[in-house]
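Colleague: Got a predicted structure here, sequence first:
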Amino acid sequence: MKDILKRLIPDSLRSKSSLAIIVMAAALVELTSAVQLFYAKKGIQDEVEHRAESELRAKSLEIQNVMNVVKVAVENMAWAVEQRLAQPDSMVAITQKLLADNEYIVGSAVAFEPYYYKSKGRQFSPYTYKHEGTMTSKQLGTDQYDYHNMEWYTAPMQSGQGHWSEPYFDEGGGEMMMSTYSLPIHDATGRSVAVFTADVSLDWLSQLINARRIYPSSYNILLSRTGQIMACPVESLVMRQTIAQVTADMKDTTVRHINQQMMAGKSGQATIRNSKGDKNYVFYAQMDGTTGWSMAVVCSHREIFHGLRWMAINIFVLMLLGLVPMGFIIWRAARNAKRLQTVNAEKERIASELHIASEIQKAMLPKTFPPYPDCDKIEIFGKLTPAKAVGGDLYDFYIRDEKLFYCIGDVSGKGVPASLVMAVTRALFRTITTHESQPERIVSRLSDTIAEDNEMNMFVTLFVGVIDLNTGCMSYCNAGHDAPLLISKDGQHIGLLPVDSNIPAGIMQGWEFSRQETIINDGSTIFLYTDGLTEAENTIHAQFGDQRVLDTARAAFAHEQPRPRLFVEKMTDAVQAFVGQAEQSDDLTMMAILYDRKNQKVEGQEPSIQRALTLPNDIATIPQLHDFIDTVAAEAHLDDSLAMSLNLAIEEAVVNVMNYAYPQDTMGTVNVVASVVGDWLQFVISDTGQPFDPTQQADADITSSAEKRPIGGLGIFLVRQIMDTVNYKRSDGKNILTLRKKKQNNTDYDF
C-alpha cells in the first residue's frame, strides 16, 4: 500500500497533504476547544445566576419573615392602645408585653402628640427596650430627644399608615442601630393621636447577610431605600456612607445605573469593572416592599472562571496530542457535560427551593410532643409524611379557655400549590379560633376566605373539633373529610364518628356548615387521618382501606391501651408493611388524641382567701366591683399591673352579664366570688338571668369605631387575653362564668 501511494502521490504533494491534515486537525482542535469553552462558560454563567437568585430569594424570605412578624405584632396590639387611651399609665404594660412575646423586637414606644395628656407635659412617650437580656422602661421624650421631628413619628402621622423608618442610631433611646416600624393610633373620633412603634436591631441583618457566600471572595451588600449601606464586608462603611458616596470615584458608569435601579426597588444583573479594572458580576433585588431595602451579590469574574481557564489549557494540550480522535472525544464529552451541567444546575436550584419550602412547612406544624406536659387531661401526637418534598396535608391543635381546638385537613392536589393552600389554611385556623369557639363558624369563615378569588379552584377537606376538657363535650364540624375513629379505653368499642356530609372548604362562599356534638368518655382515643392512609397502595395497586384501619386499631388495643404516639407508630408500621416497595402516592397524616379526666391532678387545697360580692343589675354599681377587686388584690399581694388587669377583665365580664343576661328593665343580681388557691386566682360570676354564654359571642370588629362596635364582643376578647382560662356553664338555672389567672403570670398579658 505504501509503495502504491509513493508511486501515485509525489513527495511534495504528500508533504502538503500532511500539512493540510495537521492544519485542519489543529483548526478542528481549536474550534472544538472554543466550542467547549463557550458552552462551559455559558453553563457557569447560568449556574452563577441561579445561585445568586437563590441567595437573594433566601435572604429576602428571611428578612420578609422577620419584618412581617414585627408588623403583624404591632398591628395586633394597636387595638389595645386605642382602647386604653384613657389610661396613659397602662401603656408601659402594653410595650412590655409586645417585647416579651417577640424576640426580634428590641424596643417599643407609644409616642403621643404634643400635650395630648396635659398632665404629662408636651412630650409623653413611654418606652420599653431590651438591654443585656432585661427589659427597661423609661420616658422617651425629652428636650434633647424631641421625637415629634423624627421620621418614625412624622411619616406615619402624615400618611396615616404603618411605616418602616430609615435605619438610624437611636441616641437617647435604645442606644443601638435600628429600624423602627410605626403605626398611627387613632382615638374614638378617628384622629391620629399617637404612634405605636417596634424597634428592630440591625445586628441580626449583618449576621444574616454575611452568613454564607456563593464564592469565597464574593460579598453581599444591603442598602436602605435611600442608599444607606446597612450591611457589607467593610464594617467602617456600615451606616456611615451611602452607596453613591462609595462609588462616586469609579470610572465605570454602570455602577450608577445599578444604584438607581436598586433605589427604585428593581431587580436585575450587570457587569462592572472596579477601580483596579477587575471585572465583577452584580446581581440585585429588592428584599421587602414595605421597607424598600435592596440587596446586591457581587462575584468576581476571575474567581468564577478560574477553574475554566485551567481546564481550557489542559484540554488544549490533550486535544493537540490526540488531534482528530481526541478532538472528537472531547467535543462529545463537552456536549454531554454541558447538558449534564444544565440539568444538575436546574435540579440543584429546584431542590434548594423545595428544601426551603419543606422547612417552612414543617415549622408551621406542631413538632413538640408531648405538647402540654402540665395538662393531665389530654395527650396528643401527630405525624405528617408528605409524598413529595412539600405536601398539602395539615394538622394543628392548641388549648384555649380549657378547650382543645384541633383540626386535620387535606388540600386538593399535591406539591407546591397544595403546600401554599395548606399554609394559608393552617394560618386561618389559628387566626379564627383565637376568638371563635364554634366549629361550624370556624369552618365557614375559613371556607369563605379560601373561596374568595380562588382562581385555581383548590379546596380543602377539613375536620375541626373543640373539646371541653372539663366536661368531655366535643363539638365538631366536618367539611368533606374522612370520619375519625372513636375508641373506648378498653378498645371494646371502636367505630367511626358520625359526621355530616358537608362540602369541602373553599369550594363556594356562603355554605352553611353543620355542627355536631357528642360526649367523649374518659380514656377515649380519637384517631384522625387523611385519605393517604386508607388509599395507600401496594405494588399491585390494592388499597389499605377502612377495614385494615379498624383491624389495626383493634390489634393495637388488644392487650392494653396504647399512648397516642405508640398508636400512630403502630398504624404507620401497618401501612408500611402493606405498601412494601411501592412508591408513596399521597400525603399521609395521622393524629391521635387521648382524653382522660381521671388522670388530672387534684389540688386538695382550701382557698387561702375567699371573698364574695353581690351587685344589683345596675352598671352604676361597678365602682363597688373595683373596690372589691382591689381588696382581693391587696390581700393576695398582687402588683399594681396585675391588679389593674384583673379589674379590667372582671369589669368587662360583669358588664356583659348586666347587658345580656337580664333584658332591659329586668331586675336581678350578679354574684362574684373571688378565691385564691395556691398560685391561682379564681373569680366565679353567676346570675339567674336568661341563658347567655359570652364565650360564644362573635368576634368584635376592632377596625370599626367604638360607637359602631356592638357591646360585649371586645369585652370578652379582652377577658380572654388577660385571664389564663375562661369557662362557661349553665347549671340549676344559672349562668356560671369561671375566670382563672395564675399569680406568676404577672407579665403574660396578650394585649
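Modeller: Structure received.
Colleague: Break down the stretch 651-751 of the chain into its helices, ranges please.
Modeller: Along the stretch 651-751 of the chain, counting by DSSP state H, counting those that start in this stretch, helices occupy 713-722.
Colleague: How are the strands of it distributed by residue range?
Modeller: For the stretch 651-751 of the chain, applying DSSP state E, counting those that start in this stretch gives strands covering 669-677, 680-687, 725-731, 734-742.
Colleague: Could you pull out the buried residues of the third one?
Modeller: Buried positions in strand 725-731, judged by neighbour count with 16 or more other Cβ atoms under 10 Å: 725-728. To be clear about C-beta, it is placed using only N, CA and C from the backbone, and glycine gets the same treatment.
Colleague: now stretch 522-534
Modeller: Result for stretch 522-534 [16+ other Cβ under 10 Å]: buried residues 523-534.
Colleague: rewinding a little: would you format the buried residues of strand 725-731 as TSV with pLDDT and distance to residue 682 included?
Modeller: What follows is these, written out as TSV (pLDDT from 0 to 100; distance: Cβ to Cβ, whole Å):
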residue	pLDDT	distance to residue 682
725	80	9
726	82	12
727	81	11
728	80	14
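Colleague: hmm, back to that, which of the strands of the stretch 651-751 of the chain comes out lowest on mean pLDDT?
Modeller: The weakest mean pLDDT among these belongs to strand 725-731, with a mean of 81.
Colleague: Make JSON lines from the strands of the stretch 651-751 of the chain and add distance to residue 34 to it.
Modeller: Below are these laid out as JSON lines (distance: least, Cβ to Cβ, whole Å):
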{"stretch": "strand 669-677", "distance to residue 34": "87"}
{"stretch": "strand 680-687", "distance to residue 34": "82"}
{"stretch": "strand 725-731", "distance to residue 34": "77"}
{"stretch": "strand 734-742", "distance to residue 34": "77"}
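Colleague: And those strands: which comes nearest residue 447?
Modeller: strand 725-731 (26.6 Å; Cβ to Cβ).
Colleague: That closest one pairs with which strands, parallel or anti?
Modeller: The pairing partners recorded for strand 725-731 under DSSP bridges are strand 734-742 (antiparallel).
Colleague: Give me the residues contacting the partner strand.
Modeller: If you take Cβ atoms under 8 Å, 6 or more residues apart in numbering as the criterion, strand 734-742 is touched by 642, 646, 649-650, 653, 657, 661, 679-689, 691-694, 719, 722-730.
Colleague: Could you rerun that using 6 Å?
Modeller: The contact list for strand 734-742 (Cβ atoms under 6 Å, 6 or more residues apart in numbering) reads 661, 679-688, 692, 723-729.
Colleague: Equivalent analysis for stretch 418-427, please.
Modeller: The contact list for stretch 418-427 (Cβ under 6 Å, 6+ apart) reads 361, 364, 390, 392, 394, 396, 409, 411, 458, 460.
Colleague: re earlier: just the buried members of the contacts of strand 734-742?
Modeller: By 16+ other Cβ under 10 Å, the contacts of strand 734-742 give 661, 680-687, 692, 723-728 as buried.
Colleague: Give the buried residues for stretch 421-437.
Modeller: Of all the residues in stretch 421-437, those buried under the rule 16+ other Cβ under 10 Å are 421-426, 428-429, 432-437.
Colleague: Helix 713-722 and whichever helix or strand residue 64 is part of, what's the angle between them?
Modeller: Taking DSSP states H and E as the definition, residue 64 sits inside helix 11-83. Orientation check (axes from the mean of the first three to the mean of the last three Cα atoms, to 10 degrees): helix 11-83 against helix 713-722 gives 110 degrees.
Colleague: now the one helix or strand residue 593 maps to: how far from the chain's centre is it?
Modeller: According to DSSP H and E, residue 593 maps onto strand 588-595. From the chain centre to the centre of strand 588-595 is a distance of 23 Å (Cα atoms, centre = their mean, to the nearest Å).
Colleague: Pairing partners for it, with directions?
Modeller: When DSSP bridges is applied, strand 588-595 pairs with strand 378-385 (antiparallel), strand 524-529 (antiparallel).
Colleague: ok, now which ones touch residue 106?
Modeller: If you count contacts by Cβ under 6 Å, 6+ apart, residue 106 has them with 130, 199, 201.
Colleague: Against residue 591, how distant is residue 515?
Modeller: 21 Å (Cβ to Cβ, to the nearest Å).
Colleague: The two: which has the busier surroundings?
Modeller: residue 591 (25 against 17; other Cβ atoms under 10 Å).
Colleague: Name whatever forms a beta bridge with the more buried one.
Modeller: What pairs with residue 591, by the bridge criterion (DSSP bridges), is residue 382, residue 528.
Colleague: any idea how far it is from residue 379?
Modeller: To residue 379, residue 591 is 12 Å away according to Cβ to Cβ.
Colleague: again with residue 90
Modeller: Applying Cβ to Cβ to residue 90 and residue 379 gives a distance of 39 Å.
Colleague: Likewise for residue 572?
Modeller: 18 Å.
Colleague: Looking at the two, which has the bigger crowd around it?
Modeller: residue 379 (21 against 16).
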